[in-house]
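Visitor: Fold the stuff below for me.
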Amino acid sequence: MNDPNNPCIFCKINQKELIFENDYAYASSDSYPVSQLHSLVVPKRCIENYFELDEKEILACNDLIKKLKKKIMSEDKSVEGFNIGTNAGKVAGQSIFHCHIHVIPRRKGDVDNPQGGVRSVIPSKQHYTRKIKK
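Guide: Numbers count the residues shown, from 1 in each chain. Model (predicted):
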């Protein structure tokens, strides 16, 4: 099995796979999508995780996230929501140690109960009952 970190698979931009690009980041399709049109936003500077991004990189990534949303929504009318997230650190599930942000389109019925969304990274915490304040 090839190590995706040696050399880093996100450092060499494949122009054929680009969806969008700006000075600090690029967007491409995810190689192992969890839903149709699952995409990645990747800063061009090889840094380990989101917390190392500088302000220009954060704004550049955010710009691409919004462009992806617009493109995906125009291409697939069944998309009604999104999960946007990043893994920071091995214990958080990060396996490629070059920051990347997942943009995952969601469709009604793609899971039985979507309550909790990103909370499902810890399955026992995904579904919860909201406490009513008195």
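Visitor: sec struct for residue 56, please.
Guide: helix (DSSP: H, G, I helix; E, B strand; the rest coil).
Visitor: Now for the residue most central in space within the chain, which secondary structure element holds it?
Guide: In the chain, the centroid-proximal residue (C-alpha atoms, centre = their mean) is residue 102; its distance is 0.6 Å. Per DSSP states H and E, residue 102 falls inside strand 101-107.
Visitor: Report the mean confidence score over that strand.
Guide: Averaged across strand 101-107, the pLDDT comes to 97.
Visitor: Check stretch 19-30 too.
Guide: The pLDDT scores in stretch 19-30 average 97.
Visitor: Show me the contact partners of that stretch.
Guide: 13-14, 17-18, 37-45, 56-57, 60-61, 63-64, 67-68, 71, 102-103 (C-beta atoms under 8 Å, 6 or more residues apart in numbering). From N, CA and C alone the C-beta is placed, and that goes for glycine too.
Visitor: Which of those fall in helices?
Guide: 56, 57, 60, 61, 63, 64, 67, 68, 71 (DSSP state H).
Visitor: List buried residues within those residues.
Guide: Among those, those classed as buried by 16 or more other C-beta atoms under 10 Å are 57, 60, 61, 63, 64, 67, 68.
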